[in-house]
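A.B. asks: give me coordinates for this.
(one chain, ligands or ions: 1)
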Amino acid sequence: MAEPPGPTEWGGDGHGVGPWSGPPPDDPRYDPALLRDGDSRNVVDAYRYWTREAIIADIDTRRHPLHVAIENFGNDANIGGVVRTANAFAVDTVHIVGRRRWNRRGAMVTDRYQRLCHHDTTAGLLGFAAEAGLTVVAVDNVPGAVRVEEVSLPRECLLIFGAEGPGITEDAKTGAALAVSIAQFGSTRSINASVAAGIVMHAWIRQHADLSRAW
Ligand SMILES: C[S@@+](CC[C@H](N)C(=O)[O-])C[C@H]1O[C@@H](n2cnc3c(N)ncnc32)[C@H](O)[C@@H]1O
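C.D. replies: Purely as a prediction, here's the structure:
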């Protein structure tokens with residue numbers, strides 16, 4: 001027998017849910033227009049028909065003490081993917097260092113629900129981390145990096161990822177308490193930065209998240 005849809009499946013036709021059936025709920029988290037017209041947004045079922053503000057307020061109660069930064073000194077198409085994954089894992093904040101402009105397409109609208117913060121320089125980012133009491137972990141396959149598969153990641157943590165091409169900056173390397181790398185076995189020197197970010201964020205989730213709160 002076919003399994004019923006799970007909590008992250010977007011309704012039968014893959015495009016969300018139709019208008020609310022029955023008397024509308026008396027709860028300010030619900031958006032009258034969505035109740036009337038249906039909700040085709042890419043949100044988990046628990047947030048169906050909720051206003052964006054109500055969703056953000058709820059995620060704010062679920063956020064992890066994990067921050068993620070990506071150095072954007074080139075023209076990095078990976079940032080959208082990093083933001084989307086960070087949203088999925090209820091990361092506290094995604095920090096973008098360097099260029100303010102980035103291609104939002106890969107974020108698939110998740111940037112509307114994710115705290116984002118810009119820093120002109122890596123030094124500025126490191127200053128923020130010190131003030132916030134976050135342990136900085138540089139992520140790159142550089143000499144001295146320890147295997148993320150074998151290391152305990154700090155709970156109050158800022159992960160820094162580098163740009164495609166140059167990788168993490170000298171400032172990120174020297175400012176971090178430790179550097180971690182993802183074990184590779186093939187011919188390529190490195191993997192896509194957004195994929196790397198997903199792997200390391202998930203390593204943190206495996207070590208620190210309360211899975212009873214996952215959808
Ligand atoms: C394409 S890599 C660039 C640099 C890389 N150091 C090199 O030797 O070519 C871009 C970013 O992806 C992440 N990354 C890619 N592969 C990684 C790996 N095996 N371990 C850790 N981070 C990785 C890092 O954050 C890195 O700065």
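A.B. asks: what residue lies at the spatial centre of this structure?
C.D. replies: Geometric centre of the chain, nearest residue: A86, 0.6 Å, by CA atoms, centre = their mean.
A.B. asks: which helix or strand contains it?
C.D. replies: helix 79-88 (DSSP states H and E).
A.B. asks: next: R206.
C.D. replies: helix 193-208.
A.B. asks: now that helix against helix 79-88, angle please.
C.D. replies: 20 degrees (axes from the mean of the first three to the mean of the last three CA atoms, to 10 degrees).
A.B. asks: near the ligand, anything from helix 193-208?
C.D. replies: Yes. Applying CB under 6 Å from any ligand atom, one finds helix 193-208 touching the ligand at 193, 196. C-beta: built from backbone N, CA, C; applies to glycine.
A.B. asks: then stretch 174-184?
C.D. replies: Yes. Using CB under 6 Å from any ligand atom, stretch 174-184 reaches the ligand at 181-182, 184.
A.B. asks: same check, this time on stretch 87-104
C.D. replies: No. Between stretch 87-104 and the ligand, judged by CB under 6 Å from any ligand atom, nothing touches; the nearest distance is 12.1 Å.
A.B. asks: residues of that stretch that come out buried?
C.D. replies: Within stretch 87-104, the residues scored as buried using 16 or more other CB atoms under 10 Å are 87-99, 102.
A.B. asks: from V148, how far off is the residue of the chain found nearest the ligand?
C.D. replies: Relative to the ligand, the nearest point of the chain is G162 (2.4 Å; CB to the nearest ligand atom). Per CB to CB, to the nearest Å, G162 is found 15 Å from V148.
A.B. asks: now V180
C.D. replies: V180 sits 4 Å away from V148, going by CB to CB.
A.B. asks: what is in contact with these two at once?
C.D. replies: 139, 200 (CB atoms under 8 Å, 6 or more residues apart in numbering).
A.B. asks: what packs against the helix or strand hosting I56?
C.D. replies: Assigned by DSSP H and E, I56 belongs to helix 52-60. Applying 3 or more CB pairs under 8 Å, 6 or more residues apart in numbering; DSSP states H and E, we find helix 52-60 packed against no helix or strand.
A.B. asks: distance from the chain centre to the following helix or strand past it, please.
C.D. replies: Following helix 52-60 in sequence order, the next helix or strand is strand 64-72 (DSSP H and E). Taking CA atoms, centre = their mean, to the nearest Å, one finds the center of strand 64-72 at 8 Å from the center of the full chain.
A.B. asks: which bits of the protein sit near the ligand?
C.D. replies: 139-142, 161-162, 164, 167-168, 181-182, 184, 189-191, 193, 196.
A.B. asks: now those: which count as buried?
C.D. replies: 139-141, 161-162, 167-168, 181-182, 190, 193, 196.
A.B. asks: what's the neighbour count on P32?
C.D. replies: One way to gauge burial is a neighbour count; for P32, by other CB atoms under 10 Å, it gives 11.
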